[in-house]
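Asker: Structural data only, the sequence is not supplied:
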């Protein structure tokens, strides 16, 4: 049995505003810090990996015996934080950078809504009209326009501060497959200057604005990465590359040998736990979107904190099942501070935790220059030819005689 890397992205779980946060209007954002200050956070496994030793955070706890503990890392692994170099704070750019691609140019956003000619063409191609065309929270948009959508059968089209074209429809008014086909139509249209990062299907159910609820049948239609990611490289080199959750959507299906659709944090972790029992060699890339989608964007501090606690409890089952050659990496793709004004993503550092039988304990990786360091490290682990962005930290985390 060969080496396996389980790379888990806690979608939006930032650890404090990045140096350029002010340029994004996000100075003072601190997703993990908000949850810690709520008094509800209980994540003993992440604590052992070094959560409170991540340098320069609002919640850092200095250790008097730092030298003895290997520069104040975790008791059962390594910790650090990563800086985003890409020109955005969205899911697509964040994951692409984790996978080895720094995006120097921002994707288009629409703070005043989409051009009318674009919506007219979308309506013509799909045979349905369009309502809304606003910037806002999806739950509020659906509450405001859901009943009109049910009466008229038109698409609800809206956006946010991110590079997204979101299409909402009631599942009993427009069948899911028609919604997905509408998204594919939009994806084909949105090229060139209008090449948004993601077209997102946002189905909902309910009878009125009082009880509308978005369903788990969300589906993202992303741009294809502009060049090879670590997923493409691993697959081409003959390794397994398994995506769990939104990974297939984010990478437009590229570089994967198997995929499991998003079914929420708990179910996605259950799938990941089951994969620990399978014999494969390569990368298992997991996205847990509930932190962002259900709690960060809704300013739900309690929900966000409880979700972190629930994830940590899943680690109680995950960690004992890891094999001798397994490596676990935990990170995030941006922030979405539920206690920060507004409901958009926040420009933050993201955490990095690494553990496994072949990983040193107590190493603090400090502040890394790019999310892409993860991809560079995985490439070195598997000795695959790599020309992507980032710098490997393998030498710092691996026990020399156990690599």
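Answerer: Received it, and whenever you're ready, just let me know what you need. Predicted model only: the values in this text are computed from it and were never measured.
Asker: switch to C-alpha atoms for all contacts and neighbour counts from now on
Answerer: OK.
Asker: Buried residues of stretch 150-160, list them for me.
Answerer: 150, 153, 154, 155, 156, 157, 158, 159, 160 (16 or more other CA atoms under 10 Å).
Asker: Need those residues in TSV (columns: pLDDT).
Answerer: Below are the buried residues of stretch 150-160 laid out as TSV (pLDDT from 0 to 100):
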residue	pLDDT
150	97
153	98
154	98
155	98
156	98
157	98
158	97
159	96
160	90
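Asker: List the strands paired with the lowest-mean-pLDDT helix or strand in the chain, with their directions.
Answerer: Least confident helix or strand of the chain, by mean pLDDT, DSSP states H and E, is strand 219-222 with a mean of 90. Strand 219-222 has these partner strands in its sheet, going by DSSP bridges: strand 198-205 (antiparallel).
Asker: for the partner strand, the distance to its chain's centre please.
Answerer: 17 Å (CA atoms, centre = their mean, to the nearest Å).
Asker: Would you tell me what the next helix or strand after it is?
Answerer: Remark: after strand 198-205, the chain's next helix or strand is strand 213-214, criterion DSSP states H and E.
Asker: ranges for the strands of this protein?
Answerer: For the chain, the strands defined by DSSP state E occupy 4-10, 78-82, 130-135, 155-159, 164-170, 198-205, 213-214, 219-222, 240-244, 258-260, 282-288, 326-331, 350-355, 364-368.
Asker: From what I see, residue 154 and residue 131 are in contact.
Answerer: Yes. Residue 154 is in contact with residue 131 according to CA atoms under 8 Å; the separation is 6.5 Å.
Asker: re the thing from before, looking at the buried residues of stretch 150-160, spot the one nearest residue 182.
Answerer: Set against residue 182, the nearest of the buried residues of stretch 150-160 by CA to CA is residue 155 (9.1 Å).
Asker: right, and that closest one touches residue 168 too?
Answerer: Yes. Under the criterion of CA under 8 Å, residue 155 makes contact with residue 168 at 6.3 Å.
Asker: thinking again about what came up before, need the winner for burial among the strands of the chain.
Answerer: strand 78-82 (a mean of 29; mean count of other CA atoms under 10 Å).
Asker: Which strands or helices does that strand pack on?
Answerer: strand 350-355, strand 364-368 (3 or more CA pairs under 8 Å, 6 or more residues apart in numbering; DSSP states H and E).
Asker: strand partners of the first one, parallel vs antiparallel please.
Answerer: Think strand 350-355. strand 78-82 (antiparallel), strand 326-331 (antiparallel).
Asker: What segments of the protein are helices?
Answerer: 31-37, 44-49, 91-98, 116-126, 138-152, 176-189, 230-236, 247-250, 265-275, 290, 301-321, 373-381, 394-397 (DSSP state H).
Asker: any idea how far residue 16 is from residue 48?
Answerer: Applying CA to CA, to the nearest Å, the value for residue 16 to residue 48 is 20 Å.
Asker: Compare neighbour counts for those two and give me the winner.
Answerer: Neighbour count, other CA atoms under 10 Å: between residue 16 and residue 48, residue 16 has more, with 29 against 20.
Asker: Isn't the more buried one up against residue 34?
Answerer: No. Counting by CA under 8 Å, residue 34 is not a contact partner of residue 16; they are 9.4 Å apart.
Asker: which residues do these two both contact?
Answerer: Counting by CA atoms under 8 Å, 6 or more residues apart in numbering, residue 16 and residue 34 have no shared contacts at all.
Asker: For residue 260, name its beta-bridge partners.
Answerer: Here residue 260, judged by DSSP bridges, has bridge partners residue 244.
Asker: Could you report the separation of it from residue 244?
Answerer: Taking CA to CA, one finds residue 260 at 5 Å from residue 244.
Asker: what's the overlap in contacts for those two?
Answerer: With CA under 8 Å, 6+ apart, residue 260 and residue 244 have common neighbours residue 271.
Asker: Run through this structure and note the low-pLDDT ranges.
Answerer: 1, 62-73, 401-403 (pLDDT under 70).
Asker: what do you get if the cut-off is 80, keeping everything else the same?
Answerer: By pLDDT under 80, the low-scoring segments of the chain are 1-2, 62-74, 400-403.
Asker: rewinding a little: residue 308: which of the strands paired with strand 350-355 is closest?
Answerer: Here strand 326-331 is closest among those (CA to CA), at 12.3 Å.
Asker: so how far is that closest one from its chain's centroid?
Answerer: On CA atoms, centre = their mean, the centre of strand 326-331 falls 15 Å from the chain's centre.
Asker: which other residues reach that strand?
Answerer: Contacts for strand 326-331 (CA under 8 Å, 6+ apart): 3-10, 13, 350-359.
Asker: And for stretch 255-273?
Answerer: 216, 229, 231-236, 240-248, 286-290, 311, 314, 317-318.
Asker: Figure out the length between the terminal residues of that stretch.
Answerer: Using CA to CA, one end of stretch 255-273 lies 22 Å from the other.
Asker: Tell me how far the residue lying closest to residue 340 once chain neighbours are set aside lies from residue 93.
Answerer: Nearest non-adjacent residue to residue 340, counting by CA to CA, 6 or more residues apart in numbering: residue 29, 6.0 Å away. Residue 29 sits 19 Å away from residue 93 when distances are taken as CA to CA.
Asker: repeat for residue 363
Answerer: 28 Å.
Asker: Format the strands paired with strand 350-355 as a markdown table; extra columns: distance to residue 211.
Answerer: Listed next are these as a markdown table, based on distance: least, CA to CA, whole Å:
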| stretch | distance to residue 211 |
| --- | --- |
| strand 78-82 | 40 |
| strand 326-331 | 34 |
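Asker: out of these, which comes closest to residue 185?
Answerer: The nearest among the strands paired with strand 350-355, by CA to CA, is strand 326-331 at 33.0 Å.
Asker: the inter-axis angle of that closest one versus strand 4-10?
Answerer: Relative orientation of strand 326-331 versus strand 4-10 (axes from the mean of the first three to the mean of the last three CA atoms, to 10 degrees): 20 degrees.
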